[in-house]
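Asker: got a structure for you, letters missing:
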């Protein structure tokens, strides 16, 4: 049984070497993340071309996730690059300041003085420093340091409880959406959406630019929790982005929110990535901590489609080892019973033909000794619907559409297979699929498989048939 939970790895200076990338793919990277916060257009273009060429040579399929920077609200620069704040100090966040000092620092988000009020808590550098707003005058936010520490250039600012009004897409993001369309990325991650309208805004811009990527919403604002169902409904996928979210809602609230988000995404037939600090210690260590192993395993048991590496693979010393360790943990966690997902799936309403077929496949899988599920697909929709039940049987998405092959790299328990067929009838196409499974070693003669197909063949969204096949019975 192949590993079902997928691995997303961020590409950066530590992982742009062709040899390292090849080892990462062989170790288990399913999707490569490009962080548009860093690097030039040419950097991203070179990495996409390299990843796709290496994957093709290895006979693998690797998806590409482009991640927009979003309105990261930051302090400006300091004259001496760094200061140290002490509890009780007065400190000013000054929109007009050019170079900061011990008393004040500038802001890249000039509207901050309009967004905060006396008594608000501002958290800097992922919560390491806490400032309490005393009063606001014109373009200056006067604060008192509650929790001090070192503060350097361009560190992020969050308001406890959320409420900063920066729009979800910046000018840079709008240009990067055009870049994502040119690069033909498979997933586009939208940072800091507050509503379904923010997600639709990004989708509209992507379509206008000629892109066809799946839209993924990163849940990292307090406001996003209140609009969770609206955001998920407008998205193809979500990311449980635990860094900024923990700063805004408090770290103790995140584990329960993670479970809720994963459950909702699965119920709404969307994919979900769990991310942030999953194996943070492996930036400088060849092995993870026991706590990190438990964190990854729990994300798998919660039902994540994928788990993600950030700095571990982008800038760490052990990018290949981090992927290999994550793969081991996922595979072990998947040995646990997944019946809860199946029971939930059985309660879903059926309003589409392909959903009825997917339900029939899942039900049959739990009554017959099925070795594989095969979805002959154009869009990947039926494979996605079947993957929501997390059946303990591999689902092979057989398609001639390259974009669909890459899209399903994020679907839990679904494996892309390049399937080129002509205009033959269903019987001939099914025979070709059976022969390909045998060639790949996915099944052997005498095994029972379930196959879904749509007639007429080649029509997207047309899955309307399930067939039970015993391998080799017609030979």
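Answerer: Received, thanks. Since the model is a prediction, treat every value here as computed from it, not as a measurement.

Asker: what packs against the strand or helix carrying residue 264?
Answerer: Assigned by DSSP states H and E, residue 264 belongs to helix 254-267. Other elements packing on helix 254-267 under the criterion 3 or more CB pairs under 8 Å, 6 or more residues apart in numbering; DSSP states H and E are helix 228-234, strand 237-241, helix 242-249, strand 271-275, helix 290-302, helix 339-346. To be clear about C-beta, it is placed using only N, CA and C from the backbone, and glycine gets the same treatment.

Asker: roughly how far apart are residue 93 and residue 249?
Answerer: Separation of residue 93 from residue 249 (CB to CB, to the nearest Å) stands at 22 Å.

Asker: So which of those two has more stuff around it?
Answerer: residue 93 (27 against 20; other CB atoms under 10 Å).

Asker: Show me what that one is bridged to.
Answerer: Residue 93 has these beta-bridge partners by DSSP bridges: residue 105, residue 141.

Asker: What ranges does the stretch 51-200 of the chain have for its strands?
Answerer: 63-67, 77-78, 82-85, 90-94, 99-100, 104-105, 121-124, 129-137, 140-147, 149-152, 157-159, 187-190 (DSSP state E, counting those that start in this stretch).

Asker: As a markdown table, those strands with distance to residue 31 would be great.
Answerer: Putting those into a markdown table (distance: least, CB to CB, whole Å) gives the following:
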| stretch | distance to residue 31 |
| --- | --- |
| strand 63-67 | 4 |
| strand 77-78 | 34 |
| strand 82-85 | 36 |
| strand 90-94 | 37 |
| strand 99-100 | 39 |
| strand 104-105 | 37 |
| strand 121-124 | 30 |
| strand 129-137 | 34 |
| strand 140-147 | 37 |
| strand 149-152 | 32 |
| strand 157-159 | 27 |
| strand 187-190 | 7 |
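
Asker: Would you mind giving me the confidence score for residue 385?
Answerer: We have a pLDDT of 93 for residue 385.

Asker: Run through the residues that contact it.
Answerer: Residues counted as contacts of residue 385 (CB atoms under 8 Å, 6 or more residues apart in numbering) are 269, 354, 355, 358.

Asker: Try it again at 6 Å.
Answerer: Residues in contact with residue 385 (CB atoms under 6 Å, 6 or more residues apart in numbering) are 355, 358.

Asker: Quick check: which element contains it?
Answerer: For residue 385, the host element (DSSP H and E) is helix 381-387.

Asker: Can you list the helices and strands that the helix or strand just after that helix packs against?
Answerer: As assigned by DSSP H and E, the chain's next helix or strand after helix 381-387 is strand 395-399. Helices and strands touching strand 395-399, by 3 or more CB pairs under 6 Å, 6 or more residues apart in numbering; DSSP states H and E, are strand 370-376, helix 381-387, strand 414-418.

Asker: Look at residue 328 and tell me its secondary structure.
Answerer: Look at residue 328: counting by DSSP: H, G, I helix; E, B strand; the rest coil, its state is helix.

Asker: Ok, residue 351 next?
Answerer: Secondary structure, three-state DSSP: residue 351 is coil.

Asker: Now do it against residue 274, distance only.
Answerer: 29 Å.

Asker: Neighbour count for the two, which is higher?
Answerer: Each of residue 351 and residue 274 has its neighbours counted (other CB under 10 Å); residue 274 has more, 27 against 7.

Asker: How about the contacts made by the more buried one?
Answerer: Residue 274 makes contact with 240, 299, 304, 307, according to CB under 6 Å, 6+ apart.

Asker: Please report the distance of the closest residue in space to it that isn't next to it in sequence from residue 308.
Answerer: Leaving aside its sequence neighbours, residue 274 sits nearest to residue 299 (CB to CB, 6 or more residues apart in numbering; 4.0 Å). Per CB to CB, residue 299 is found 9 Å from residue 308.
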